[in-house]
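Colleague: A structural model of the following input is requested.
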Amino acid sequence: MEWKVDRDADKPLYQQIFEYIEEKISYGEYPPETLLPSERKLAQQLNVNRMTIAHVYDELQASGLVERKKGSGTRVSSHKWGILPKGVTNWRKYIEGGSFIPSYPLIRRIRGEAKVMENGFNLASGKLSSDLFPSEYLQSVLSEHTFPSDLGYEHPQGLLSLRETIASYVKTYYNINTTSSSVLITSGAQQALHLITQCLLNPGDAVAIEAPSYCYSLPLFQSAGLRIFGLPVDANGINPDDIVTLYAKHKIRMIFLNPTYHSPTGAILSDARRKKVLDIAAELGIPIVEDDPVSLISFDNEQYAPIKSYDRSGNVLYVGSLSKVIGSSLRIGWLIGPQSVINRLADAREQIDFGLSVFPQMIANLLLQSPEYPKHLVFLRQELLERRNEMIDALRDILGEKVEFTIPKGGLFIWCKIKKKVDDQKLVEEGIKHKILFMPGSVYGAPNGYVRLTFAHLKKESIREAVKRLAIVLDHI
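Modeller: Reported below is the predicted structural model:
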């Protein structure tokens, strides 16, 4: 919540909060039947005593502005009291309708707590911690350049100079051959996935994704009306023969893979399997979408060639991003594929937003061209390696036989199995109670009892304390 109480004001806190909610209702920002936060949650968001919120809600109810029912929470009144206009749109029906499905409730719960949690530990976020952001490096790069005076609309595919740089970048780091005309700049990797599902597939189409998979947490697949089928993941990634089986049963039309440091398991698709996947997909005429956000974050100096690097027929759509190597707020990703596909997606994106802002594209271009960028990658790998090792040691020392996990060779996460039987909903709630967040495996399509723990979002000195907190949570469920 952006609004804060003014503790220096003469007006009592409960009155400030009452007037704030009253204003929201009168402005129509909280329409009739809007569910207000629970007393505990609002108290936490505003950093006030829960009894203060209870007093506020009592006053709102006495004023006829809200209705309170045990077990149903506190909702804005559906009655037409003087403060409400006579004709009021029932926004609830619209919110619950629409074709784009909201995030899963458990994910919304975790993200909501992440925004208000103080003095806690966030092992759920996929973001890098602030001390890993190259702020000094960025400042030095920006100080040497000026921005253009012409701020008109850019090319639908994105800033040409950045597309040229990315074409060179993927050749240098991934051995992918492409040209600027086959690159589409996107607002992060998820926009690329959204464009693919909306523009290249139809409702009812069957697609294959890894199981478990980060894709299960993205409602964009269900919103597009797609039928999702899983490809089980083992230590070496998916079994390519499973693609043939799925195709025979469901006539899948596209394959979505995250082959290097797979989220959430950390698995690496073996080189032999990568080539076999490519051959099978080509034989069946099924395109592959390769999501590759973290393959540069390697802890063993091993570089795994993307599937796209073997592609000579344009069968792979390659999705990359700077979110995991520079920072997620930069919002720069890219999609590489056949020019006809790129043109189609660029046209769709232009209809939505007329293209990305030129400023983050210019910044990304300057960063990638700077001789300091390779040094930043070396720094990032070393820092994340130390944090991974710290979390491994803490899990072994503190949780011991209570959990099992595979040591990731790169990336940002550790995939952890809790040995005793747990319910993910209760596990998350107990974590929130003890101010520690993590992503349960069920949001990725895994059974209850798995958690994805991020070691990149916390500073190294906080990781052991976070694992201690996790141990307390496991003792209480």
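Colleague: could you use CA atoms for every contact and neighbour count after this?
Modeller: Noted.
Colleague: just the pLDDT for the residue nearest the centre of the chain.
Modeller: In the chain, the centroid-proximal residue (C-alpha atoms, centre = their mean) is residue 126; its distance is 6.5 Å. Here the pLDDT value assigned to residue 126 is 88.
Colleague: pull out the buried positions in the biggest strand by length in the chain.
Modeller: Assignment by DSSP state E gives strand 227-234 as the longest strand of the chain. Across strand 227-234, burial judged by 16 or more other C-alpha atoms under 10 Å covers 228, 229, 230, 231, 233.
Colleague: could you point out the helix or strand that follows that strand?
Modeller: strand 237-238 (DSSP states H and E).
Colleague: can you pull out the low-pLDDT segments for the stretch 1-150 of the chain?
Modeller: 1, 79-93, 96, 145, 147-150 (pLDDT under 70).
Colleague: for the buried residues of strand 227-234, name the two members farthest from one another.
Modeller: 228 and 233 (15.3 Å; C-alpha to C-alpha).
Colleague: now residue 405: phi and psi?
Modeller: phi -160, psi 160 (degrees, to the nearest 10).
Colleague: ok, now which ones touch it?
Modeller: 414, 415, 416, 417 (C-alpha atoms under 8 Å, 6 or more residues apart in numbering).
Colleague: and those, which of them are in strands?
Modeller: Going by DSSP E, the strands hold 414, 415, 416, 417 from those.
Colleague: the second one bridge partners, please.
Modeller: This points to residue 415. Going by DSSP bridges, residue 415 is paired in beta bridges with residue 452.
Colleague: wait, it touches residue 450, no?
Modeller: Yes. Using C-alpha atoms under 8 Å, residue 415 is in contact with residue 450, at 7.2 Å.
Colleague: tell me which element residue 422 falls in.
Modeller: Per DSSP H and E, there is no helix or strand for residue 422.
Colleague: you'd agree it is up against residue 451?
Modeller: No. The pair residue 422 / residue 451 is not scored as a contact, 11.0 Å apart, by C-alpha under 8 Å.
Colleague: compare the two (neighbour count), which wins?
Modeller: residue 451 (27 against 15; other C-alpha atoms under 10 Å).
Colleague: ok, now which ones touch the more buried one?
Modeller: 415, 416, 417, 418, 438, 439, 440, 441.
Colleague: and if you look at residue 291?
Modeller: By C-alpha under 8 Å, 6+ apart, the residues touching residue 291 are 189, 256, 257, 258, 259, 318, 319, 320.
Colleague: could you check how far it is from residue 217?
Modeller: Residue 291 sits 15 Å away from residue 217, going by C-alpha to C-alpha, to the nearest Å.
Colleague: got it, and residue 381?
Modeller: 27 Å.
Colleague: looking at the two, which is more packed in?
Modeller: residue 381 (20 against 17).
Colleague: isn't there a strand covering the more buried one?
Modeller: No. Using DSSP: H, G, I helix; E, B strand; the rest coil, the secondary structure at residue 381 is helix, not a strand.
Colleague: separation between it and residue 414?
Modeller: 16 Å.
Colleague: next: residue 171.
Modeller: 29 Å.
Colleague: neighbour count for the two, which is higher?
Modeller: residue 414 (24 against 15).
Colleague: look at the closest residue to the more buried one other than its chain neighbours and report its pLDDT.
Modeller: Leaving aside its sequence neighbours, residue 414 sits nearest to residue 453 (C-alpha to C-alpha, 6 or more residues apart in numbering; 5.2 Å). pLDDT for residue 453: 97.
Colleague: residues near residue 453, how many?
Modeller: Other residues close to residue 453 by other C-alpha under 10 Å number 24.
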